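Participant: below is the sequence, then the predicted model.
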Amino acid sequence: MRRIASLLAALAVSAAPALAQDAAWETEGLTDDAITIGVMGPFSGNAASYSKALIGMMAYYDKINDEGGVHGRKLVAVQEDTACDSAKGLAAAKKLISQDKVFMLQGNSCSGVALALRPTIEESGVPWIVAHAVSDSISDPLAKNIFHGVPTGGANGRAMAAFVLSKPDTKNVAIIEHSNDWAHSYSNPARAYLEEHGVTPSLELTMERGQTDATAQVLKLRQEKPDFIIAALYEAETAIFLRDLKKYGMGDIPVMGTAGTDLENTLKRTGDFDTVKNYYVIHSYVDNLDGPKMAPWGEMIHKYYPDEELSTFSFVSIGSAEALVAALEAAGPDLTRSKLMAALEEVRDFDTGILSDPITWTPEDHQGVKGSAVAGFVDGSPTVLKAWGQSY
Amino acid sequence: MSNMPTPRQQSLRTVLFWAVPAALLFLPLATNAYTQFIVNGMLISVLVTLGFSLVIGNLGQLAFANTAFFGIGAYASAILSAKLGIPWILTVPLAGAFGALGGFLASVAALRGIRSYYLAIITLAFGELMRWAYLHAKPLTGGTDGMPMPRETMFGISLSDDTLKFYIFLAVTVLLVKGTLNLMRSRFGRAVMAVRENEIATASLAIPTARVILATFAWSGLVVGCAGALFARHVGHVFPESFGMLQLIASFAMVLVGGLGSVLGAVLGAVLLTALPEYLRAFPGMEELFFGLIVAAVLVAMPRGLASLLRRLSPVFTERYYREGA
Amino acid sequence: MLMQLTLGGLSQGMIYALVALSLTVVYRSTTVVNFGHGDFVMAGAFLSYVLVVLAGIAFLPAAALAMIAMFALGVLFNRGLIRPVKGGPHIGLALMCIAAGYLLRGIARMVWGREVLPMPPAFDMEPIFIGNLVITGDAVFIIGTVLVLLLVFFGLLALTDLGKMVQAVYQSPRGARLIGLNVERFDDFAWGVGAALGALGGILVAPVSLLHPDLGASFLIKGFAAMTLGGFGSLGGAVLGGVLLGIAEQYAGAYIDSALIEITAYLVIVLVLFIRPQGLFGRKAVVKV
């Protein structure tokens, strides 16, 4: 028995992760002509529509590769499916890190999965740029190797609340949301921002995914008559909610939505301009999705993924991919993981030409994007806004 | 009954039973963090499938509360270690106890005469109500953000280490599989199957059928509850979404492919169907189609699952849990 | 507010009623509860989407075509997958239904998994205002369609020879076989009608919601709750149960907490089975041992 015990102990020690982050570790996943990048995302399962976010990023890799790569190295994406499930995502991360031995990771769309991954990735030391998931706890507290490349839920939620309060005389705010982590990642920071400014939401409602009717919620709103409604709902439920709001004669109350929806699709869904004319959304981009400043990006995606239907998610990860390429350029031809992370921490006020706010990573703060613009209909056409009645 | 193992074959069976875990002790030499993680997941699936198979296979009750027991175990473990600071390893038996309590609740429905499809539907509802409770009991469960497991060490090794987890999971799995095997071979096990075949006739033999049903549900809950505690440590973070319909369907397929009501089958089904999706990684989104096809095919072509194939191969693998051909 | 909630609940409840009725049709003649039925509902919605949006057919003929196709699928499912396992335990049948549902969902996911599809509104009508009450086109359309269908359905059952035969099979399959009815063909028929009616549920919600492969899951549970409430196996009970469930959801959401809408169906199942297992109209659900 004692023999077995000592054998077990020996096995356990031998299999413990090699802590020495030596020279070989520094250049793992790197050759003279390729940098392998693990791209995790929900390529299957009921959140598969979010995987669009990773397509834009990979199209950008392709573009860089066509231009000769970075210091002669091509960016090679190794895709792994998380199915938006924590156990599957963990398997994907472990596969990328310990079997495929990629140089770095970029991606991930589901906040829950990202939270479950954080301890494993932090321990591995492999650089990870979070390209879509928004939960603040992924990158806060600071982990040396984890960088957030999109506005976090906190940044978005505060932007939502700030926009709501920028409308003169907003006192009575109602919140309607799904009871999931995605919705809370917007509504909690928004609630905190409102409270800081002396506004307590007058009504808190939930509407679950898959509900095809919002009568009960809308009738409660009709009694409360809020000045503004914050709606953290997915696309489908947003359309249903707005439709019911108009149905019951409250189409004049402005509604603030999340980055999970956009004006164009919401309009398409409801099929009626009057229904969406007072809908505002978090819009992290410099222009409308079909505006001139976004057009080249759309063309880029279609060049490499001709069948891809563009949505608001399609563009979200491109900004962090640009920042990555800039950091790789700066890190020089003798690339190591440590050099890359050091270069990422040097990124300051990086204008991506696509995100409304710049990316700044410092050694103290890895949440790179601090704010977001808002989009709404002005004179019948979608317009990017800084504050109520104020163009971007 | 010609297919019963001889005494020699029975001792061969004992040797085989212990040979497998003994060989597995050396497995970590051949794995990396990823493959080890998958193997650890298999051990958990073995327990989940075993517990499920007991109720739907051995006892013959259409109860779908399995995922609920799993979630109860995982949340019990997470809450006990994160909120009360109990070392994780001690939460495993405690989670088993909570799982058993869940099993007891489910058996109350069955004992009140809610059977067959009604039992299926009420247990489904039970599972979904539990998931709703995890979502909305935020102070206790962390709501949608879930609960991270606290960092902890055992024997000076971090519990995030997959190799250490493997040995612990293996020990728990062997213990519970052996316990279940012994239980099912005993007088009690025969009573369980008698209830499945004819409850009224069994009752007339002065066997306390109500107690048999209750105990089977509770044991099933215990096994799956322990698995839940392992799962909490396996992923390191407990989310409500892990205990939904998808998990239920996967366990279903595992029970069926392995062989309803067979301990060996539960092990085979769990190992096979945990491994296969990893090979399907290259084809994301095919999993549902694949599970659908495989379940339909097994139902039509091999209703007693893989275990029945092995039984045909050698009587060593015979478990007297089903009349052959039944 | 009460009237408005009732109207909203009625229009939701009509869909639940349809799903519960279609489950009951299959259950009564074959004693199989279709655990994959939610995905039949989903398949109906997607079929109508294909016909309306991709093939450009008008909504009503598209709906009829989709129902015919789903009828055929139901028959095929019975012949190909249910019959081979018919003699086995309940569990095998339940699993087969789940497997079939999974297949349907897998196909939908493979084709449309990465998009959420909008369906053009089917019935555009300016809402009618009666005092505080708002009557929308969707509500009129859904309630109207289902009412007409229910009248036809129960009329056929009560007044025609065919209906008498169906009732005979419901009463006693063995007796029906003895007097020369082809019970196998009735099973096919029941599966076909069940699939088509369930699909209609999907077709009706498609224009008011959005299409995604997981659309069906919630309808299955609502259908079960409606059946349990009305009394398992009672056709009229299924309809009434569905309507009551729809209304109960709205009341619970408005007067207690909107988080309750999601679990009203589960609560109904648990409470009914423990307190009055036979539901409102059904035979006793419990087994005395």
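Facilitator: Sure thing, it's come through. Numbers count the residues shown, from 1 in each chain, chains lettered A, B, ... in the order given.
Participant: tell me the residues of the stretch 101-250 of chain B that contact chain A?
Facilitator: Counting by Cβ under 8 Å from any Cβ of the partner chain, the stretch 101-250 of chain B comes close to chain A at B:135-136, B:143-146, B:148, B:151, B:155, B:157, B:160-164, B:167, B:231, B:234-237, B:239, B:241-242, B:246. Heads up, the C-betas are built off the backbone N, CA and C, glycines and all.
Participant: can you name the next helix or strand after the least confident helix or strand in chain A by mean pLDDT?
Facilitator: The weakest-scoring helix or strand in chain A, judged by mean pLDDT, DSSP states H and E, is helix A:2-15 (a mean of 49). The element immediately downstream of helix A:2-15 (helix or strand, assigned by DSSP states H and E) is helix A:23-26.
Participant: contacts for the helix or strand following that following helix, please.
Facilitator: Using DSSP H and E, the next helix or strand after helix A:23-26 towards the C-terminus is strand A:34-41. With contacts defined as Cβ atoms under 8 Å, 6 or more residues apart in numbering or on different chains, strand A:34-41 is touched by A:29-30, A:50-51, A:53-54, A:57-58, A:61, A:70, A:73-82, A:89, A:92-93, A:96-97, A:100-109, A:113, A:117, A:132, A:328, A:335.
Participant: quick one, strands of chain B?
Facilitator: Listed in chain order, the strands found in chain B under DSSP state E are B:147-148, B:153-154, B:157-158, B:237-238.
Participant: same deal with the stretch 51-200 of chain A?
Facilitator: Assigned by DSSP state E, counting those that start in this stretch, the stretch 51-200 of chain A shows strands spanning A:74-81, A:104-107, A:128-130, A:146-151, A:173-177.
Participant: now do the contacts for residue C:44.
Facilitator: Residues near residue C:44 by Cβ under 8 Å, 6+ apart: C:66, C:67, C:70, C:196, C:198, C:199, C:200, C:201, C:202, C:203.
Participant: same question for residue A:189.
Facilitator: By Cβ under 8 Å, 6+ apart, residue A:189 lies in contact with A:136, A:153, A:154, A:155, A:156, A:157, A:158, A:161.
Participant: now with 7 Å?
Facilitator: A:153, A:154, A:157, A:158 (Cβ atoms under 7 Å, 6 or more residues apart in numbering or on different chains).
Participant: again with residue C:49
Facilitator: Residue C:49 makes contacts with C:117, C:119, C:206, C:211, as judged by Cβ under 7 Å, 6+ apart.
Participant: still on that earlier bit, could you look over the strands of the stretch 51-200 of chain A and pick the most buried one?
Facilitator: strand A:128-130 (a mean of 30; mean count of other Cβ atoms under 10 Å in any protein chain shown).
Participant: any low-confidence regions in the chain?
Facilitator: As the question left the chain open, I've gone with chain A. Applying pLDDT under 70 to chain A flags the ranges A:1-21.
Participant: you answered for a different chain; I wanted chain B.
Facilitator: In chain B (pLDDT under 70), the answer is B:1-5, B:284-285, B:320-326.
Participant: tell me what the lengthiest helix in it is packed against?
Facilitator: Using DSSP state H to define each element, chain B has its longest helix at helix B:209-235. Judged by 3 or more Cβ pairs under 7 Å, 6 or more residues apart in numbering or on different chains; DSSP states H and E, helix B:209-235 is in contact with helix A:86-94, helix B:33-53, helix B:66-83, helix B:88-111, helix B:162-185, helix B:187-197, helix B:199-204.
Participant: right, so those: which one is the most enclosed?
Facilitator: Greatest burial across the helices and strands packed on helix B:209-235, using mean count of other Cβ under 10 Å, falls to helix B:66-83, with a mean of 28.
Participant: can it be found next to chain C?
Facilitator: No - for helix B:66-83, no contact with chain C is found by Cβ under 7 Å from any Cβ of the partner chain; the gap never falls below 11.7 Å.
Participant: and what of stretch A:122-134?
Facilitator: No - for stretch A:122-134, no contact with chain C is found by Cβ under 7 Å from any Cβ; the gap never falls below 14.2 Å.
Participant: what of stretch A:259-271?
Facilitator: Yes - with Cβ under 7 Å from any Cβ as the criterion, chain C is reached by stretch A:259-271 at A:268, A:269, A:271.
Participant: can you count the residues close to the last one?
Facilitator: Think residue A:271. Using other Cβ atoms under 10 Å in any protein chain shown, residue A:271 has 16 neighbouring residues.
Participant: likewise for the first one?
Facilitator: Applying the criterion other Cβ under 10 Å, we find 14 residues in the vicinity of residue A:268.
Participant: what of the second one?
Facilitator: Residue A:269 is surrounded by 25 other residues when neighbours are defined as other Cβ under 10 Å.
Participant: can you pull the buried residues of the helix or strand harbouring it?
Facilitator: Using DSSP H and E, residue A:269 sits within helix A:263-270. Across helix A:263-270, burial judged by 16 or more other Cβ atoms under 10 Å in any protein chain shown covers A:263, A:264, A:265, A:266, A:267, A:269, A:270.
Participant: how about residues contacting the helix or strand following it?
Facilitator: Next along the chain after helix A:263-270, taking DSSP H and E as the criterion, comes helix A:273-276. Under the contact criterion Cβ under 7 Å, 6+ apart, helix A:273-276 has outside partners A:242, A:243, A:246, A:251, A:263, A:266, A:267, A:270, A:377.
Participant: who in chain C is up against chain B?
Facilitator: Counting by Cβ under 7 Å from any Cβ, chain C sits next to chain B at C:33, C:81, C:84-85, C:88-92, C:94-96, C:98-100, C:102-103, C:105-107, C:109-110, C:113, C:217, C:224, C:228, C:259, C:262-263, C:266, C:269-270, C:273-274, C:277, C:285-289.
Participant: which of these are buried?
Facilitator: Using 16+ other Cβ under 10 Å as the burial test, the residues of chain C next to chain B include C:33, C:81, C:84-85, C:89-92, C:94-96, C:98-100, C:102-103, C:105-107, C:109, C:113, C:217, C:224, C:228, C:259, C:262-263, C:266, C:269-270, C:273, C:277, C:285, C:287 as buried.
Participant: chain A next: which of those residues are close?
Facilitator: C:113, C:259, C:262.
Participant: what is the burial count for the residue of the stretch 101-250 of chain A found nearest chain B?
Facilitator: Nearest to chain B, among the residues of the stretch 101-250 of chain A, is residue A:181, at 3.7 Å (Cβ to the nearest Cβ). For residue A:181, the neighbour count with other Cβ under 10 Å is 25.
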